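Peer 1: Below are the sequence and a predicted model; questions follow.
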There are 2 protein chains.
Amino acid sequence: MTRIAVDAMGGDFAPSEIVKGAVWAAHDYNVAIELVGQVDKIKEVLNEISKKGIRSNRGGYYIKKIKVDLSKLDIKLTQADEIIEMGEAVGTAIRKKKNSSIVLAVDAVAKGSSDAVVAAGSTGAAMASSLFGLGRIRGIERPAIAATLPTRKEPVVLIDAGANSESSAEMLLQFALMGSTFVEKVYNRKNPKVGIMNIGEEEEKGNQLVKETHKLLKENTLGLNFIGNIEGKELFQGDVDVVVCDGFVGNVALKTIEGCSMMLFKLIKEQFKSDIISMVVGLLAKPFMKRIYKKINYEEFGGALLLGVKGITVISHGRSSSYAIKNAIRVAKEAVESGVCNKIAETLN
Amino acid sequence: MTRIAVDAMGGDFAPSEIVKGAVWAAHDYNVAIELVGQVDKIKEVLNEISKKGIRSNRGGYYIKKIKVDLSKLDIKLTQADEIIEMGEAVGTAIRKKKNSSIVLAVDAVAKGSSDAVVAAGSTGAAMASSLFGLGRIRGIERPAIAATLPTRKEPVVLIDAGANSESSAEMLLQFALMGSTFVEKVYNRKNPKVGIMNIGEEEEKGNQLVKETHKLLKENTLGLNFIGNIEGKELFQGDVDVVVCDGFVGNVALKTIEGCSMMLFKLIKEQFKSDIISMVVGLLAKPFMKRIYKKINYEEFGGALLLGVKGITVISHGRSSSYAIKNAIRVAKEAVESGVCNKIAETLN
């Protein structure tokens, strides 16, 4: 059975939501779990789950109660004395805190006791410890974050969503390869369409980096199905499978999308609270809004993959609920079982 | 009276929507208009307005009919034989088509017959002809596009939203100055808060350009109220007045926001069409959705300002309706009357 190591101490709602999400995933997806963190605190949460089950709150909308028989699940606990806090200088932290939950969770994969890591704490720490603990795939210059975004049709993968703040065209070409392999192997789409994020449709548009990358992608011999430039507004039309960009641009786009959707949902909620009539209409409209929220809620995608390291690391949102963690573990399991890492390595050799 | 030159031939719905928007603005805002384009075609639209009035369709939601007495409005027509089409190579086009509507509309400002230009055609052509025809403000290295975006509170100005695909830290500092002056003079906000678009809150985050700009902004002696890094998700909280970024990042953010909002509204519309009950709820919810749409619809802001040239150029969306053009002319009038250009020049000297 595939086993996923989970950093139980990372994230705004750790360890409670993380442990609950992990147990929920073990219950739903036939996956084994290795919870890494302060075992006494993890046990407290497990006790609570045994007694009360898991109450899930999906983005403030959906509440469900699941009963779980822990004795039937394969859950291993690994003690980690330290925690890397958000905002700690990453380089120093992972060198000094060798017994931190994220470092030991990655170690579990490096040593083979688990097959993948899920982490909702500091993105920098998850990246650095994965790079350090798992190593790069031979031929890959830098790992990149592949984030899955909702569109009007099938989700699109944005790569790099923030692993690197400076990139070269060669790196972007490798990101394209990793993103394409990910979509092919994990999302089972044949010959994925790869675009490059740009500020116009014409080939000569964009900054130097994008122009160079455009040329490399156009002439690629890696078998990539390059379809040209993609503008921000086309990102959501569902006509492209992978959109490549440098990590700075990708991270700005990702967070802007998050902010924009949050604002819209808040404006809608405010409108439906303005008077008694609006409250009644709001109540009627709620099931429809819930369905849309489910479609665009990042929690559904569970997390972003760090691609390019020798192993699977799923980086979840700092504000992850148990529902998000459950989905992140599903993504990690699918990624392990798809063999995406080997496929990337094979294409490069 | 302030007179605004309007490129009557630019935009997806030119000349009809452009001329209607211009007449509507003249009617609503006590502003004189100079319509630049193919006079016979413009006259056809004016005749239609005389007979039928203006039927306005605001983003597919709002329909209104306005009766207009053209004899009471100050509308001047200027013949332009040529049109610069979307996607034409800008450099060549503005040199070869000296009688194009955009070049002559900018000329009108350069010669002093109008005070500002509004254009919904090719952004590149509007920028190039403004730079060429009006010249840069002394001390400004490159003009930048200032786009106004909705937030949960007051709108925020994003600069540069796409005028330059490569920028230096010095340019970004000037963009900050221009954006801040714009918000102060046109939106009447005192001591505007200026942030820099970044991928984290900490000072050491970001790429080289952002780090250098951060330093320049922190140490600035231009009187800028610099508040530090802004992440994409904070853009919509309304706690910052001006967000500075390079034109590539700004344009990606702008178009991503447009795409994201469009997708959400389309998903909502689809949900409210799925069966008879949803249609009824959708009908009840429509007035509320309209109010939100009005709040976030780019047409309300009319267009983005090209700052840094010796004159006011408002660049409107290619898909501008008459309502968007009306608002763009309002923005142009306010910018002229605020003296924003002089203020930028003064601060630099």
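Peer 2: Thanks, I have it.
Peer 1: only C-alpha atoms for contact and neighbour calcs from this point on.
Peer 2: Will do.
Peer 1: which helix in chain A runs the most residues?
Peer 2: Counting by DSSP state H, the longest helix found in chain A is helix A:247-271.
Peer 1: just the angle between that helix and helix B:247-271, please?
Peer 2: Orientation check (axes from the mean of the first three to the mean of the last three C-alpha atoms, to 10 degrees): helix A:247-271 against helix B:247-271 gives 40 degrees.
Peer 1: For helix A:247-271, give the mean pLDDT please.
Peer 2: Mean pLDDT, helix A:247-271: 90.
Peer 1: What of stretch A:336-349?
Peer 2: 89.
Peer 1: buried set for that stretch?
Peer 2: Buried positions in stretch A:336-349, judged by neighbour count with 16 or more other C-alpha atoms under 10 Å in any protein chain shown: A:V336, A:S338, A:G339, A:V340, A:C341, A:I344, A:A345.
Peer 1: contacts for it?
Peer 2: For stretch A:336-349, contacts defined as C-alpha atoms under 8 Å, 6 or more residues apart in numbering or on different chains pick out A:2, A:115-116, A:137-139, A:177-178, A:181-182, A:185-186, A:222, A:307-312.
Peer 1: Now with 6 Å, please.
Peer 2: A:F182, A:K185, A:V186 (C-alpha atoms under 6 Å, 6 or more residues apart in numbering or on different chains).
Peer 1: In contact with A:A120, which residues?
Peer 2: In this structure, A:A120 makes contact with A:G10, A:G11, A:I315, A:S316, A:H317, A:G318, judged by C-alpha under 6 Å, 6+ apart.
Peer 1: Which one of the buried residues of stretch A:336-349 is nearest to A:L46?
Peer 2: Using C-alpha to C-alpha, A:V336 is the member of these that lies nearest A:L46, at 25.9 Å.
Peer 1: Name the helix or strand for that closest one, please.
Peer 2: Following DSSP states H and E, the helix or strand that holds A:V336 is helix A:322-338.
Peer 1: Going C-terminal from that helix, what's the next secondary structure element?
Peer 2: Counting by DSSP H and E, what follows helix A:322-338 is helix A:340-348.
Peer 1: now the angle between helix A:322-338 and that following helix, please.
Peer 2: 40 degrees.
Peer 1: about what we covered before: pick the one among the contacts of stretch A:336-349 closest to chain B.
Peer 2: When these are ranked by distance to chain B (C-alpha to the nearest C-alpha), A:F182 comes first, at 23.0 Å.
Peer 1: and that closest one, how many neighbours does it have?
Peer 2: Residues lying near A:F182 (other C-alpha atoms under 10 Å in any protein chain shown) number 26.
Peer 1: and it, that one's in a strand?
Peer 2: No - looking at A:F182 with DSSP: H, G, I helix; E, B strand; the rest coil, it is helix, so not inside a strand.
Peer 1: Give me the pLDDT value at it.
Peer 2: 95.
Peer 1: mind listing the strands for the stretch 51-200 of chain A?
Peer 2: A:54-58, A:62-66, A:75-79, A:116-119, A:144-149, A:156-159, A:193-197 (DSSP state E, counting those that start in this stretch).
Peer 1: any idea which of the ones you listed is most buried?
Peer 2: Ranked by mean neighbour count under mean count of other C-alpha atoms under 10 Å in any protein chain shown, the strands of the stretch 51-200 of chain A are led by strand A:116-119, which reaches a mean of 30.
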